[in-house]
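Trainee: The following comprises the amino acid sequence and a computationally predicted model.
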Amino acid sequence: MRKEDCFYLGKIAKKFSFKGEVLAYLDTDEPELYENLESVFVEYNKHLVPFFIESSSLHKNDFLRVHFEDINTEADAENLIGSSLYLPLSMLPKLTGNKFYFHEVIGFEVEDKKLGYVGKIQSINDTTAQPLFEVNKDGAEILIPMIDQFLVKVDRENKKIIMDLPEGLIEMYL
């Protein structure tokens, strides 16, 4: 499995018991969706390796207590600490309405209620305090803050995001 075909679920944070159990921090708003997984991909030596889960349960909200098959000692568990967990993109819950995954809207057109067609989303910059759509319009890069108040509609059928942008935001890039 390639990392590009997966989404980041979380990270193995620490050992939990002398029987090889670990606590995995889940980077999600709904950890209960992942309580009964059969397997996950663990990033080990820069490769995604499938690990089968013998048992798991939620632990203190954002953690999943996991016992992997063939991990039966503290030493085995110690080797996994800090490893990232991934699942195939096909396992992401479907979002509806104006909620979306960042990877889902790459290639969507951005349309402003007043100006019309703005450009195509090339990528999303989430390294800043406010995530930004990086939009290409005829070779020019336009950065649009992903603010709920600007977002009018996510039109998945037509691969379009309709926005109500403040006056002057687009013009400042052109």
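Mentor: Happy to help now that I have it. Numbers count the residues shown, from 1 in each chain.
Trainee: ok, for Lys159, nearest residue in space, not its chain neighbours?
Mentor: Phe108 (4.8 Å; CB to CB, 6 or more residues apart in numbering). C-beta here means a position set from N, CA and C on the backbone, and glycine is covered the same way.
Trainee: For the top strand by length along the chain, which outside residues touch it?
Mentor: Longest strand in the chain by number of residues, with DSSP state E as the criterion: strand 47-59. With CB atoms under 8 Å, 6 or more residues apart in numbering as the test, strand 47-59 has contacts from 1-3, 6, 16, 23, 31-32, 35-43, 64-69, 71, 86.
Trainee: Filter the residues you listed down to just the buried residues.
Mentor: 6, 16, 23, 31, 37, 40-43, 64-68, 71, 86 (16 or more other CB atoms under 10 Å).
Trainee: rewinding a little: export only the CA atoms of the longest strand of the chain, formatted as PDB.
Mentor: Extracted as PDB, the C-alpha positions of strand 47-59 are listed here (Å, rounded to 0.1, in the frame of the first residue of the first chain):
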ATOM      1  CA  HIS A  47       7.200   1.500   4.600                       C
ATOM      2  CA  LEU A  48       3.600   0.900   5.300                       C
ATOM      3  CA  VAL A  49       3.300  -2.500   6.900                       C
ATOM      4  CA  PRO A  50      -0.100  -4.100   7.700                       C
ATOM      5  CA  PHE A  51      -0.700  -5.000  11.300                       C
ATOM      6  CA  PHE A  52      -3.700  -7.000  12.400                       C
ATOM      7  CA  ILE A  53      -5.500  -6.100  15.500                       C
ATOM      8  CA  GLU A  54      -6.400  -8.700  18.100                       C
ATOM      9  CA  SER A  55      -8.300  -6.300  20.300                       C
ATOM     10  CA  SER A  56      -8.900  -2.600  20.700                       C
ATOM     11  CA  SER A  57     -10.900  -0.200  22.900                       C
ATOM     12  CA  LEU A  58     -11.200   3.500  23.300                       C
ATOM     13  CA  HIS A  59      -9.100   5.000  26.100                       C
END
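Trainee: Max pairwise distance over the buried ones among the contacts of strand 47-59: which two?
Mentor: Taking CB to CB, the two most distant members of those are Cys6 and Phe16; they sit 24.4 Å apart.
Trainee: Quick check: which ranges of the chain have low pLDDT?
Mentor: Residue ranges of the chain with pLDDT under 70: none are present.
Trainee: For the residue nearest to Leu26 when sequence neighbours are not counted, give the beta-bridge partners.
Mentor: Nearest residue to Leu26, sequence neighbours excluded (CB to CB, 6+ apart): Gly10, at 4.2 Å. Per DSSP bridges, the residues bridged to Gly10 are Leu26, Leu85.
Trainee: Against Val22, how distant is Gly10?
Mentor: From Gly10 over to Val22 the distance is 11 Å, taken as CB to CB, to the nearest Å.
Trainee: Brilliant, that's me finished.
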